[in-house]
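1. Got a predicted structure here, sequence first:
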Amino acid sequence: MELQATNTDVRAGFKRILLCVDPTAASARAAAFVPHLANKETRVRIVGVVENAHAVIPLGPLAAFHLSAANALLLQDVENACAASQELFASSGAKLEIRIIDLITHGGGVVHALAKAAQDWRADLLVMGSRQHQGLLHWVEGAVSEPLMKFAACAILVLPERGDVAWRARP
């Protein structure tokens with residue numbers, strides 16, 4: 001069997017990077033890393049998913065809580081995270097887009113929304129942060145990165161919330 005050489009220039013990097021953001025420190029750390037992967041040939045789509053407040057907020061004693069107000073707060077948090085991430089790309093030269101997926105209108109869960117966003121946009125790389133919860137907290141809060149690896153059709157880079165490395169240049 002003979003291997004065929006390809007014309008892919010590995011130094012050129014990824015052409016389409018999907019950056020998944022939310023209002024967490026893990027997401028901010030991932031967003032700070034991606035500009036080091038980008039150049040003027042790179043297209044970056046920043047995607048934030050607004051969860052349905054009904055699914056996030058336990059009802060019961062809060063049944064009278066006005067869910068539309070909670071949804072508005074969740075939307076504002078995601079918009080702020082997207083805007084903060086966008087500012088990090090000022091000197092990268094990358095072409096940026098922002099997409100906000102509202103699960104109230106789209107339905108489904110975060111994992112499927114991100115996998116579909118990556119597939120529909122034909123992303124080469126999906127980047128996200130991870131809080132790396134263990135035990136009960138992992139079970140209660142759930143995880144996105146782990147199940148997303150089963151559904152995404154592109155490479156995935158998951159960056160931890162904590163780390164000693166400060167990125168100053170392209171990896």
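-> Great, that's in hand.
2. partners of the most centrally placed residue in the chain in the sheet?
-> Centre of the chain computed as the mean C-alpha position; nearest residue by CA atoms, centre = their mean is C20, 1.0 Å away. Residues found in beta-bridge contact with C20 (criterion: DSSP bridges) are V47.
3. pretty sure it contacts M128?
-> Yes. With contact taken as CB atoms under 8 Å, C20 and M128 are classed as touching, separated by 4.1 Å. All C-beta atoms are positioned from the backbone trio N, CA, C, and that covers glycine.
4. I98 - that's part of a strand, no?
-> Yes. According to DSSP: H, G, I helix; E, B strand; the rest coil, the state of I98 is that of a strand.
5. Pick out the least confidently modelled helix or strand of the chain, by mean pLDDT.
-> Ranked by mean pLDDT, DSSP states H and E, the helix or strand of the chain with the weakest confidence is helix 135-141, at a mean of 43.
6. circling back to that earlier point, check the gap between the residue nearest to the centre of the chain and R29 for me.
-> C20 sits 12 Å away from R29, taking CB to CB, to the nearest Å as the criterion.
7. Regarding L159, what is its secondary structure?
-> Secondary structure for L159, judged by three-state DSSP, is strand.
8. For it, which residues are in contact?
-> For L159, the residues meeting the contact criterion (CB atoms under 8 Å, 6 or more residues apart in numbering) are 26, 29-30, 33, 127-130.
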